[in-house]
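K.L.:
Pasting the sequence and the predicted model now:
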Amino acid sequence: MLQASTWRTWKALLLIGGAFGVHWLTFFFSIKIANAAIGAIGFSTYGIHLMVLGWILGRAQVVGIDVLGLLLACVGTWLLIPEFSLQNTHTVGLLIGIFSGLVCSALPLLNQHYADIDGNLRAWGQFTFALLVFGCLQPWAKWEFRTGDVLLVLYLGLGIALLGHGLWVHATTVLSTTTTSILSYLYLPLSLVMGYFLLDEKLSGRAMVGTTLVLVANALVIYSQNRRGALKASS
């Protein structure tokens, strides 16, 4: 019979690793079905999800400016869909990207909830249990490598996943969810710029307006949450 503390540790690693695996798996699908820009925009709803989850769990208070941000995010997301249809690859890719952002938003909350468990253990548990998520799809995997792909895979696996997300586990444990949201949104403009120059991905005027609304929506939510946190700290 496992001790309560041991079971709690295994439960934490399973939840964190499972969420991490599902996030990355759906993010990959979003990019593959649509493109890198659409995947990035879908994931950019992360801050809105974090606010809603924090509110549901009683960790955040929602006021009028937050609701405004949520409405702007909905309008912006609608503008990003050229034609809403499940036969439209951009629509499907965007919806999967939004779901990926939702799952990812649970990670900071889980890491803070289980902050008493060693950070390195949580990081390795995250990768281990995420590997099981990907392992379930191994029968459908198609491995086609060119010589130049090896360095890219090593960079993604060791640089982005192992080092980057290993450090991210420690960062999200001690940083406020507001700060985490601000840092995560550096990803969207950078990915759009890289997609434009490296992959020749272009956004229409409608899509640019939608992207701007999503960013403004998240900025409003971050400002609102941060302002309330500062007021609470000063009182």
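P.N.:
Happy to help now that I have it.

K.L.:
pull the CA atoms of stretch 111-118 into PDB?
P.N.:
Taking C-alpha atoms only, stretch 111-118 is exported to PDB below (Å, rounded to 0.1, in the frame of the first residue of the first chain):
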ATOM      1  CA  ASN A 111       3.300  23.300 -10.500                       C
ATOM      2  CA  GLN A 112       2.300  25.800  -7.900                       C
ATOM      3  CA  HIS A 113      -0.200  23.400  -6.200                       C
ATOM      4  CA  TYR A 114       2.600  20.800  -5.900                       C
ATOM      5  CA  ALA A 115       5.400  23.300  -5.200                       C
ATOM      6  CA  ASP A 116       6.500  21.200  -2.100                       C
ATOM      7  CA  ILE A 117       7.600  18.400  -4.400                       C
ATOM      8  CA  ASP A 118      11.200  18.800  -5.700                       C
END
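
K.L.:
Quick one: the strands in the chain, in order.
P.N.:
Counting by DSSP state E, one finds no strands in the chain.

K.L.:
what about the helices in the chain?
P.N.:
All helices of the chain, identified by DSSP state H, fall at 4-33, 36-43, 46-56, 64-80, 89-113, 119-135, 147-154, 165-174, 177-184, 187-198, 205-234.

K.L.:
what comes up buried for the fourth one?
P.N.:
Which is helix 64-80. By neighbour count on 16 or more other Cβ atoms under 10 Å, the buried set for helix 64-80 is 66, 69-70, 72-73, 76-77, 79-80. C-beta here means a position set from N, CA and C on the backbone, and glycine is covered the same way.

K.L.:
May I see the residues you listed arranged in a markdown table, with distance to residue 89 as well?
P.N.:
Listed next are the buried residues of helix 64-80 as a markdown table, based on distance: Cβ to Cβ, whole Å:
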| residue | distance to residue 89 |
| --- | --- |
| 66 | 32 |
| 69 | 28 |
| 70 | 26 |
| 72 | 25 |
| 73 | 22 |
| 76 | 20 |
| 77 | 16 |
| 79 | 17 |
| 80 | 13 |
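
K.L.:
Sort those by pLDDT and name the bottom one.
P.N.:
Within the set of the buried residues of helix 64-80, pLDDT is lowest for residue 80 (67).

K.L.:
Residue 114 against residue 16, yeah?
P.N.:
Yes - counting by Cβ atoms under 8 Å, residue 114 does reach residue 16; the two are 7.3 Å apart.

K.L.:
Need the overlap of contacts for the two.
P.N.:
Residues touching both residue 114 and residue 16 (Cβ atoms under 8 Å, 6 or more residues apart in numbering): residue 122.
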